[in-house]
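In: this one's sequence-less:
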């Protein structure tokens, strides 16, 4: 049995809610029966709740996102809550609301379906973890860009922490076996711990990456020796993949983890949907390219 889950923090702009509505409608077009759960942080517009009801989606309220980070120092919470993607893994705490399942599929809101979501586990069901490679990493067909993501530094950091090195995966679409999902629930404190240490390293050694006011406050707060000793050097020029990096480190704590890549074209990233390749199941089009994707979709229709 498969459970699909989305995770959404309150979105004043309405963009993520708009994306989610289109994602789940496209999913239901090809599979009306699979269990779908939306873990919701903060409030949501009535239109989203109505869409969920019509699509047979279970909404699980998770409280406010900042509070979901747990019992951590207030300056940790203020800073980490500026990164609204950190709740992807935190939502695993709500697994008891999802019923029984053999596989769990996570989807970002900026995804769109062209086939049956269940086909993902039919093709990719043997390993504990599947996801696409991170663009710009050494496994990416776009080419390796160490200025974007330094895998040598990433490997050195994993080694220094006594972790198994897990290669860079993009977390926009993830397929997890049930046992791994439950194991990750027990490691969520470690996930938050890594995210904080990476953020401190970013503040200390790559301050130009940060702009949010809450994070700026942390930059001033980490001048003490306690937080400075925790810092991990941030290995990327993109501050918004802090959640992904913390996820890779957390996966490195799982003994015997088996993992592999979701294949192209079944799961398309960026502009890989162009030409609508045979076998395409889902496109992760990225929010920054949203207008271009939907214009292309309109032309196709």
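Out: All right, it came through fine. Since we're looking at a predicted model, the values are computed, not measured.
In: any idea which helix or strand comes after the helix or strand harbouring residue 260?
Out: According to DSSP states H and E, residue 260 maps onto strand 259-261. The first helix or strand that comes after strand 259-261 along the chain, using DSSP H and E, is strand 267-269.
In: partners of that following strand, with directions?
Out: Using DSSP bridges, strand 267-269 pairs in its sheet with strand 282-284 (parallel).
In: list the buried ones in the strand it pairs with?
Out: 282-284 (16 or more other C-beta atoms under 10 Å). In this view, the C-beta of every residue, glycine as well, is placed from N, C-alpha and C.
In: what's it in contact with?
Out: Strand 282-284 is contacted from outside by 107-108, 110-115, 117, 120, 132, 170, 172-173, 266-270, 272-273, 293, using C-beta atoms under 8 Å, 6 or more residues apart in numbering.
In: if any of these are buried, give me the ChimeraX selection for them.
Out: Selection of buried members from these for ChimeraX, criterion 16+ other C-beta under 10 Å:
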select :107,108,110,111,112,113,114,115,117,120,132,170,172,173,266,267,268,269,270,272,273,293
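In: in helices, which of the contacts of strand 282-284 fall?
Out: 120, 293 (DSSP state H).
In: list the contacts of residue 85.
Out: Applying C-beta under 8 Å, 6+ apart, the residues near residue 85 are 240, 243.
In: that one in helix, strand or coil?
Out: Following DSSP: H, G, I helix; E, B strand; the rest coil, the label given to residue 85 is coil.
In: same question, the one 5 residues further on
Out: For residue 90, the reduced secondary structure class is helix; criterion used: three-state DSSP.
In: count of residues packed around the residue lying closest to it once chain neighbours are set aside?
Out: For residue 90, ignoring the flanking residues on the chain, the nearest one in space by C-beta to C-beta, 6 or more residues apart in numbering is residue 68 at 5.3 Å. Here the number of neighbours of residue 68 (other C-beta atoms under 10 Å) works out to 22.
In: what's near enough to touch residue 68?
Out: Residue 68 neighbours (C-beta under 8 Å, 6+ apart): 41, 62, 87, 90, 93.
In: and the pLDDT for the last one?
Out: Just to be clear, that refers to residue 93. We have a pLDDT of 94 for residue 93.
In: cool, and the third one?
Out: Looking at residue 87, its pLDDT is 94.
In: the closest residue to it other than its chain neighbours: neighbour count?
Out: Nearest non-adjacent residue to residue 87, counting by C-beta to C-beta, 6+ apart: residue 7, 5.1 Å away. By other C-beta under 10 Å, the residues close to residue 7 number 27.
In: any idea what sits nearest residue 2, other than its immediate chain neighbours?
Out: Residue 2's closest residue in space is residue 103 (C-beta to C-beta, 6+ apart), at 5.1 Å.
In: ignore what I typed, I meant residue 30.
Out: residue 116 (4.6 Å).
In: do I have it right that the one you found meets residue 32?
Out: No: applying C-beta atoms under 8 Å as the test, residue 116 and residue 32 come out as separate, 10.3 Å apart.
In: which residues does the strand holding residue 260 contact?
Out: Residues contacting strand 259-261 (C-beta under 8 Å, 6+ apart): 124, 127-133, 139, 166, 169, 251.
In: direction included, what does it pair up with?
Out: Assessed with DSSP bridges, strand 259-261 is paired to strand 129-133 (parallel).
In: okay, and the helix or strand of the chain with the least pLDDT?
Out: helix 213-221 (a mean of 66; mean pLDDT, DSSP states H and E).
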